[in-house]
Structure formats: C-alpha cells, structure tokens
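# coordinates only, sequence not included:
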C-alpha cells in the first residue's frame, strides 16, 4: 500500500534484549577479571591491619614491662607464640585467614628477658610496594614455609 507510513517509536523487544545481553557479558568479563585481584588485595589489607593490632599490643606490653617480649620457641616465632601477650594486652592474636601463611614475630636486641625492638611480617599476596619508611623483604625467608613476598612492620622504641 503506497503512501502508508509506519511510525516507529522506541526500540523493539529484540533490540532491547541484544543490548541487555551485551551489557551482561561485559559485566561478567569485568567482574571475572577484577574479582581475584581485588580479593587478594583485600586480604592483604586485612593482614596489614592485623599487624597493626599486634604492634599496638606489643607497644602496650613494652610500656608495662620496659621492653618487648621474647619468643617462647627461640629467636623467631609465629605471632601465636609470643610469650606474655595474651590475654592482658590482646584478647587473641589475629591469625592469617588463608592456610599456609603466618604472621612472623622476630624480637631483636634482647637481654635480661626484654627486647629492644621487633619485626612483624606477613606473607602478602598483592600489596603494591610498601609505603615509605616500611621495609619490604623476605622476612628471614619464612612467612609460612614458602617464599611469599613479605611486608615488614618495624617498631622503634
């Protein structure tokens, strides 16, 4: 029929379904690429906060005992083996949320049952380079029995 014009307003259902499908595929791809890295970074941020919590408890211990505690099992130990810290200065020592990784405590300058300083370490997954003034090393080569890159927090008395 010549002369009849069909007026089209808006989009057809098929066009809308195609647009929504493309957006869904892009969203899934973006989430799958960002997800694991964001989770690793989030766990590293939690680890860093745990080290700060332990360091705060160690500072309270130092104020009361004029030095930092030694290790109950030698010159370096996991954070759960720090002698005399719980329950007075911290309810419980934070533990790493993934298996195989530990927080490492190494007291230094020890004499007469007290230590002058310490190093706290964590095996990190994704943290970028440490902040200025923070050491980054292998933490004695042991942050859980593997060569995890470590973040060190050094206390100054």
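Cool, got the structure. Since this is a predicted model, take the numbers as computed values, not measurements. Numbers count the residues shown, from 1 in each chain.

# in the protein, which spans are helices?
13-65 (DSSP state H).

# low pLDDT regions in it?
Within the chain, the set of residues satisfying pLDDT under 70 comprises 1-3, 6-8, 74, 127-157.

# nearest the geometric middle of it, what residue?
Nearest residue to the geometric centre of the chain (C-alpha atoms, centre = their mean): residue 44, 1.8 Å.

# so it is in contact with residue 126, correct?
Yes - proximity of residue 44 to residue 126 meets the contact threshold set by C-beta atoms under 8 Å, at 5.6 Å. Any C-beta I mention is one placed from the backbone N, CA and C, and that applies to glycine too.

# give me the distance between the closest residue to residue 68 other than its chain neighbours and residue 70.
Once its chain neighbours are removed from consideration, residue 68 has its nearest residue in residue 115; the separation is 4.3 Å (C-beta to C-beta, 6 or more residues apart in numbering). Using C-beta to C-beta, to the nearest Å, we find residue 115 at a distance of 6 Å from residue 70.

# cool, residue 55 as well?
Taking C-beta to C-beta as the measure, residue 55 falls 16 Å from residue 70.

# what do you get for residue 125?
Residue 125 is 30 Å from residue 70, by C-beta to C-beta.

# same deal with residue 10?
Here the distance between residue 10 and residue 70 works out to 75 Å (C-beta to C-beta).

# what's the answer for residue 34, then?
When distance is defined by C-beta to C-beta, residue 34 is 43 Å away from residue 70.

# ok, the two, which is more surrounded?
In this comparison of residue 34 against residue 70, neighbours counted by other C-beta atoms under 10 Å, the higher total goes to residue 70 at 19 against 10.

# contacting residues for the more buried one?
The neighbourhood of residue 70, defined by C-beta atoms under 8 Å, 6 or more residues apart in numbering, consists of 83, 107, 110, 113, 114, 115.

# state the number of residues packed around the closest residue in space to residue 47 that isn't next to it in sequence.
With C-beta to C-beta, 6+ apart as the measure, residue 122 is the residue that lies nearest to residue 47, at 4.3 Å, once sequence neighbours are left out. Other residues within reach of residue 122 by the criterion other C-beta under 10 Å amount to 29.

# how close does residue 120 sit to residue 85?
Looking at residue 120 against residue 85, where the rule is C-beta to C-beta, the gap reads 12 Å.
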